[in-house]
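Q: Model the following, please.
(one chain, ligands or ions: 1)
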Amino acid sequence: MSTRAEAGIPEELRSRASFMPYDFFTPQPVRGADVYLFHWIFHGWSDEYGVRILRSQIPALKKGARILINEWCLPEPGGMVDGMRALCGESLLSTSTENLTRCRSTMDLLMLTVVNSNERDLDMWRELFNKADPNFAFLGASQPEGCRMWTIETVWDQDKEFSEKDALPGALF
Ligand SMILES: C[S@@+](CC[C@H](N)C(=O)[O-])C[C@H]1O[C@@H](n2cnc3c(N)ncnc32)[C@H](O)[C@@H]1O
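A: Prediction:
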């Protein structure tokens, strides 16, 4: 597994990356990191399991450690058109509001029927972290320009020192 994964890393970055197996329902073995990044993981799991994944990270977390989730953050109904265009890309720039609404519902239903899960909007992401542990301070979600993905951000904050102003630039609340 490692050899195949390592082969995908540009030569100049190879010395800075290493790979290891990890079952995310077990305690996180890498302790004291600044950031834990999950790419396309949580949308495949309902809140019950998402909470278990988050709680598995807690023993490893130092104060100020970030958990970054790189996935979709569904737009609010009022922001449906722009949000869905960003989500689905240039091909939807001329698509009607009705079609964009269907597209959102379709993705949600797909996750429900295939893996009994769902996509999440900002409130649902916040709720997931709240359910996992009150010491996760939710910092919002941001979408880099030109990117279809959002970064959903939280920080381990037992001393209640962090607030939304500590989020990555451009975060939504
Ligand atoms: C949607 S894929 C995303 C893979 C990768 N992060 C990416 O973005 O290309 C979900 C991944 O979670 C892995 N997975 C499922 N259960 C897991 C577990 N308990 N611990 C660690 N990984 C798991 C699957 O093998 C699959 O590779």
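Q: Check the burial of the nearest residue to Ala65 once chain neighbours are set aside by counting its neighbours.
A: Excluding the flanking residues, the one nearest Ala65 by C-beta to C-beta, 6 or more residues apart in numbering is Trp156, at 4.6 Å. In this view, the C-beta of every residue, glycine as well, is placed from N, C-alpha and C. Neighbours of Trp156 under the rule other C-beta atoms under 10 Å: 21.
Q: How about the one 4 residues further on?
A: Burial of Lys160, expressed as a neighbour count using other C-beta under 10 Å, amounts to 9.
Q: what's near enough to touch it?
A: Ala137 (C-beta atoms under 8 Å, 6 or more residues apart in numbering).
Q: sec struct for it, please.
A: coil (DSSP: H, G, I helix; E, B strand; the rest coil).
Q: cool, and Asp108?
A: Assignment for Asp108 (three-state DSSP): helix.
Q: Give the full set of residues in contact with it.
A: Leu74, Asn118, Glu119.
Q: quick one: which of those has the most company?
A: Leu74 (23 neighbours).
Q: where does the chain have low pLDDT?
A: 1-2, 76-105, 172-173 (pLDDT under 70).
Q: what residue is smack in the middle of it?
A: Nearest to the geometric centre of the chain sits Ile69, at 2.3 Å (C-alpha atoms, centre = their mean).
Q: Name the SS class of the residue nearest to that one when sequence neighbours are not counted, please.
A: Spatial nearest neighbour of Ile69, excluding adjacent residues (C-beta to C-beta, 6+ apart): Ile152 at 4.1 Å. Secondary structure, three-state DSSP: Ile152 is strand.
Q: Just grab the bridge partners of Ile152 for me.
A: Taking DSSP bridges as the rule, Ile152 bridges to Ile69, Ala141.
Q: how close does it sit to the ligand?
A: 14 Å (C-beta to the nearest ligand atom, to the nearest Å).
Q: Brilliant, that's me finished.
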